[in-house]
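> sequence below, structure please.
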Amino acid sequence: MNYTVKEILHLEVAPALGCTEPVAIALATAAAASVINNERPDHIEIWVDPNIYKNGLAVIIPGTGGLNGLDTAAALGALCGDPALGLEVLEPVTDEGVNAACKFKNENKVAVNLLQDQKGIYVRALLTYKDHVTEAIIEGVHDNITSLTMDSLPVTDSPLVKRTQAEKADVFKLEDFIKKLSLDDLIDMINDLDKDDFTFLKEGITYNMRLADYGLKHGSGLGVGLALERLARLKLLTRDMILSARIITSAAADARMGGIKLPAMSSGGSGNHGLTAILPIYAVSKFVDCDEKTLLEAIALSHLVTAYVKAQTGRLSAVCGCSVAAGAGATAGTTYLMGGTSSQMAGAITNLTEDLAGIICDGAKSGCALKLATAAGTAVQAALFAIHGVNVHSTDGIIGTSPEQTMQNIGTLSTQGMIDTDRTILKIMLEKHFAATNI
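Next up, the predicted model:
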């Protein structure tokens with residue numbers, strides 16, 4: 001099956017409120033709770049794969065005033081979430097709902113289980129009521145509800161399962177399709193963008209700049225973006241296109257990882273990927289002579305390249321996807337924006353990969369703003385280098401003879417070479433977590 005650029009954007013790019021790992025947990029419990037109306041469960045039990053656990057462990061949940069935890073996400077989803085909103089399931093959460101979820105959790109009514117050997121995205125939520133038991137399962141993609149049952153019987157009339165299964169089945173087929181494409185194929189696709197696609201791409205800028213503006217105004221999260229902005233004002237750093245990309249991308253991550261209740265336009269199943277795929281290109285557009293159409297085409301290319309790399313690496317891995325996947329998208333898009341050729345875009349991707357391939361993913365948290373600042377700045381730098389003839393050679397390390405092979409090598413590194421790394425990262429995080437909770 002072949003996919004159009006419109007279909008790829010529809011499947012890979014969407015608004016997401018909060019980090020998508022705790023959101024996936026909240027979506028699962030909200031879906032299970034939706035089977036029984038107007039009744040609070042007596043107990044919630046969830047089972048998650050290692051990467052959902054890793055990314056959901058420490059990140060702040062939006063609208064909670066700074067709370068985190070997989071158990072918190074589970075309680076919020078069951079008591080307050082609207083599963084019809086997909087990755088924006090926590091939009092209805094209020095202060096009253098947060099208090100109720102905390103009380104529920106503090107009464108030891110939420111149990112979290114780690115499935116150490118589970119591969120790929122997996123969330124199972126089991127809600128126990130006085131007379132019934134409901135269950136929801138999410139697999140493969142953060143909002144892909146593959147099963148919804150009550151008392152072990154399928155809930156056949158649920159629009160949730162019918163809708164998500166129809167949509168997400170296409171995601172897996174899309175990954176098989178996009179893996180077979182070349183960079184030139186992806187570049188050619190942007191010629192098919194229509195008015196609705198441009199409107200959608202422009203919305204992505206609006207969503208993500210709203211987060212950036214909030215982060216710069218309030219110094220949310222770690223405050224990386226605001227710190228860089230102040231350093232530029234003090235003339236301790238030069239406000240060039242690289243620094244501008246770093247400022248707005250990290251500021252948006254500050255706000256998002258700080259739990260601000262504003263959605264991001266995600267890419268490849270991740271809000272932070274969406275920030276990285278869009279904002280560096282938008283920052284560069286302020287420094288070069290380009291029209292809006294070219295800017296939006298560059299962002300579309302960024303999403304396509306991000307999707308290509310994610311198809312190689314998997315949705316979650318030990319490698320920081322903002323660096324190697326969305327970073328690759330951003331550098332390709334930036335090169336396109338500056339009038340670069342396809343060979344220069346290939347060089348930019350290779351340059352970025354050589355620079356950032358070693359960055360690990362140690363879970364979602366406020367510190368992600370530092371990694372997004374690095375990815376954004378490096379994406380712009382890699383593009384500038386490529387345009388001016390600086391290109392890493394295929395004899396270097398994991399770099400391939402083509403951009404496609406380089407990106408495939410990143411996939412091999414992620415899915416085969418760093419399995420033990422991922423386990424070790426999670427082991428360190430768990431030891432820290434349980435040491436802190438036992439104090």
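
> and the protein, what are its domains?
5-168, 181-427 (automatic domain parsing).

> out of the ones you listed, flag the one nearest E175.
domain 181-427 (4.0 Å; C-beta to C-beta). Heads up, the C-betas are built off the backbone N, CA and C, glycines and all.

> shouldn't E404 be in contact with K180?
No - using C-beta atoms under 8 Å as the test, E404 is too far from K180 to be in contact (9.6 Å).

> the two: who's more crowded?
Between E404 and K180, counted using other C-beta atoms under 10 Å, E404 has the larger neighbour count: 21 against 9.

> now the helix or strand harbouring that one - C-alpha only, PDB.
In the assignment (DSSP states H and E), E404 maps to helix 403-412. The C-alpha trace of helix 403-412 is given here as PDB (Å, rounded to 0.1, in the frame of the first residue of the first chain):
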ATOM      1  CA  PRO A 403      21.500   9.000   4.200                       C
ATOM      2  CA  GLU A 404      19.100   6.100   4.100                       C
ATOM      3  CA  GLN A 405      21.800   3.600   5.200                       C
ATOM      4  CA  THR A 406      23.000   6.000   7.900                       C
ATOM      5  CA  MET A 407      19.400   6.300   9.300                       C
ATOM      6  CA  GLN A 408      19.100   2.500   9.000                       C
ATOM      7  CA  ASN A 409      22.300   2.100  11.000                       C
ATOM      8  CA  ILE A 410      20.800   4.300  13.700                       C
ATOM      9  CA  GLY A 411      17.900   1.900  13.700                       C
ATOM     10  CA  THR A 412      20.200  -1.100  14.100                       C
END
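
> contacts made by the helix or strand that comes right after that helix with the rest, please.
Sequence order places helix 419-437 as the next helix or strand after helix 403-412, per DSSP H and E. With contact meaning C-beta atoms under 8 Å, 6 or more residues apart in numbering, helix 419-437 is reached by P50, N51, Y53, K54, L57, A58, S317, A318, I360, C361, D362, G363.

> make it 7 Å
P50, Y53, K54, L57, S317, A318, I360, D362, G363 (C-beta atoms under 7 Å, 6 or more residues apart in numbering).

> can you redo the residues you listed as TSV with secondary structure and neighbour count?
Output for these, formatted as TSV (DSSP: H, G, I helix; E, B strand; the rest coil; neighbours: other C-beta atoms under 10 Å):
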residue	secondary structure	neighbour count
P50	helix	21
Y53	helix	26
K54	helix	23
L57	coil	22
S317	coil	24
A318	coil	24
I360	strand	16
D362	coil	20
G363	coil	20
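
> lowest pLDDT pick from these?
Least confident entry in those, by pLDDT: S317, with 82.

> these two touch, right, that residue and S414?
Yes - counting by C-beta atoms under 7 Å, S317 touches S414, with 4.0 Å between them.

> which parts of the stretch 201-350 of the chain are helices?
Taking DSSP state H, counting those that start in this stretch to define them, one finds helices in the stretch 201-350 of the chain at 224-233, 241-257, 271-285, 292-313, 321-324, 326-337, 342-356.

> what's I387 in contact with, if anything?
T335, M338, G340, Q344.

> count of neighbours near the first one?
It stands for T335. Quick note: T335 (other C-beta under 10 Å) scores 32 neighbours.

> and it, what does it touch?
Residues in contact with T335 (C-beta under 7 Å, 6+ apart) are Q344, M345, A348, A383, A386, I387.

> let's go with 6 Å and repeat that
Q344, M345, A348, A383 (C-beta atoms under 6 Å, 6 or more residues apart in numbering).

> identify, from those residues, the entry nearest to G63.
A383 (36.4 Å).

> would you confirm that that closest one contacts Y336?
No - judged on C-beta atoms under 6 Å, A383 makes no contact with Y336 at a distance of 8.8 Å.

> between those two, tell me which one has more neighbours.
Counted by other C-beta under 10 Å, A383 and Y336 do not tie: A383 has more neighbours, with 32 against 28.

> any idea which helix or strand carries the more buried one?
helix 368-387.

> quick check: angle from that helix to helix 342-356?
For helix 368-387 against helix 342-356, the angle by axes from the mean of the first three to the mean of the last three C-alpha atoms, to 10 degrees is 140 degrees.

> how about the closest residue to K6 other than its chain neighbours, secondary structure?
Excluding the flanking residues, the one nearest K6 by C-beta to C-beta, 6 or more residues apart in numbering is D197, at 5.8 Å. Assigned state for D197: helix (three-state reduction, DSSP: H, G, I helix; E, B strand; the rest coil).

> how much space between D197 and L356?
29 Å (C-beta to C-beta, to the nearest Å).

> which one of those two is surrounded by more residues?
Counting neighbours by other C-beta under 10 Å for D197 and for L356 shows that L356 has the greater number, 23 against 19.

> who's in contact with the nearest residue to the more buried one once chain neighbours are set aside?
Using C-beta to C-beta, 6+ apart and skipping the chain neighbours, the partner closest in space to L356 is S323 (4.1 Å). Contacts for S323 were tallied using C-beta under 6 Å, 6+ apart; they are L356, I359, A375.

> perfect, that will be all.
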